[in-house]
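Enquirer: make a model of this:
(one chain, ligands or ions: 1)
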Amino acid sequence: MTEPIAPAKKPFLYVVVCASGIAGDVGTLIAAAQECHWDVGVVATPQGLGFLDVEAVEAQTGYPIRSAWRKPGDPRPLPPADAITVAPATFNTINKWAAGISDTLALGILCEAYGMGIPIAVLPYLNAAQAAHPAYRQSLERLTEMGVRLGSYEPHRPKADGGAQRFRWTEALDLLEPEVVGRANA
Ligand SMILES: Cc1cc2nc3c(=O)[nH]c(=O)nc-3n(C[C@H](O)[C@H](O)[C@H](O)COP(=O)(O)O)c2cc1C
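Expert: Numbering: from 1, shown residues only. All right, here's what the predicted structure looks like:
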């Protein structure tokens with residue numbers, strides 16, 4: 001008798017969600033990721049959590065949203081990440097991440113992921129006044145040097161309606177795709 005073949009384990013994607021006006025639409029990215037290879041868990045910044053429908057996201061992913069550090073001895077709520085995307089990524093989190101500041105769980109995961117060689121794609125969503133700050137350009141340069149893959153969103157006009165229609169959630173998957181294809185062929 002032949003042994004049953006165990007289903008291949010899907011790669012696990014962390015979606016880090018920051019406190020942006022478009023964060024509530026993250027279900028678009030979760031659904032697209034699940035359709036093409038990935039199991040998904042969401043890590044929200046403490047501020048970002050307030051922008052999410054927690055129940056809906058947890059029902060969609062099948063995992064609790066992580067936002068705070070667990071207590072010593074508590075089990076890990078999510079499997080380890082095979083890849084990470086930060087979408088939407090705020091001005092605040094991008095600058096802190098590039099500077100190596102780790103004062104939220106999301107930043108802790110991102111700062112450590114570099115040393116662990118986990119592929120990361122970041123989709124900034126911010127306005128042009130924020131993007132004009134010199135620290136922001138330096139942060140993007142540093143993250144790019146670290147191998148982080150950068151989304152193409154051009155910052156919107158400040159004090160206008162934002163650019164939600166131009167924000168391409170699935171770009172995160174395009175940026176990470178070579179990694180998944182590489183794993184499948186390994
Ligand atoms: C309604 C609302 C929408 C916001 N949208 C954005 C945004 O799109 N991009 C951004 O960088 N900051 C935005 N902010 C400001 C961030 O929420 C703020 O900088 C916050 O500290 C970011 O926290 P985080 O990076 O830990 O998620 C927004 C704030 C509010 C109240």
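
Enquirer: residues in the chain within reach of the ligand, list them.
Expert: Residues of the chain lying close to the ligand by C-beta under 6 Å from any ligand atom are 18-21, 45, 47-48, 90-93, 104, 125-126, 130. No exception for glycine: its C-beta is placed from N, CA and C like everyone else's.

Enquirer: redo that, cut-off 8 Å
Expert: Counting by C-beta under 8 Å from any ligand atom, the residues of the chain close to the ligand are 17-22, 44-48, 51, 88-94, 96, 104, 106-107, 124-127, 130, 162.

Enquirer: what's the PyMOL line that selects buried ones from those residues?
Expert: Buried members of the residues of the chain next to the ligand can be picked out in PyMOL with the line below, counting by 16 or more other C-beta atoms under 10 Å:
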select buried, resi 17+18+19+20+22+44+45+47+48+51+88+89+90+91+92+93+94+96+104+106+107+124+125+126+127+130+162
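
Enquirer: narrow the residues of the chain next to the ligand to those in helices?
Expert: Here DSSP state H is the test, and the residues of the chain next to the ligand give 46, 47, 48, 91, 92, 93, 94, 96, 106, 107, 130 as lying in helices.

Enquirer: now pLDDT too, for those residues, in CSV please.
Expert: Rendered in CSV, the data for those read as follows (pLDDT from 0 to 100):
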residue, pLDDT
46, 98
47, 98
48, 98
91, 98
92, 98
93, 98
94, 98
96, 98
106, 98
107, 98
130, 98
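
Enquirer: farthest-separated two in these?
Expert: Spatially, the most separated pair among these is 46 and 130, at 19.6 Å (C-beta to C-beta).

Enquirer: so how far is residue 9 from the nearest residue to residue 26 once chain neighbours are set aside?
Expert: Computed as C-beta to C-beta, 6 or more residues apart in numbering, the closest residue to residue 26 that is not its neighbour in sequence is residue 17, at 5.4 Å. With distances defined as C-beta to C-beta, to the nearest Å, the gap from residue 17 to residue 9 amounts to 24 Å.
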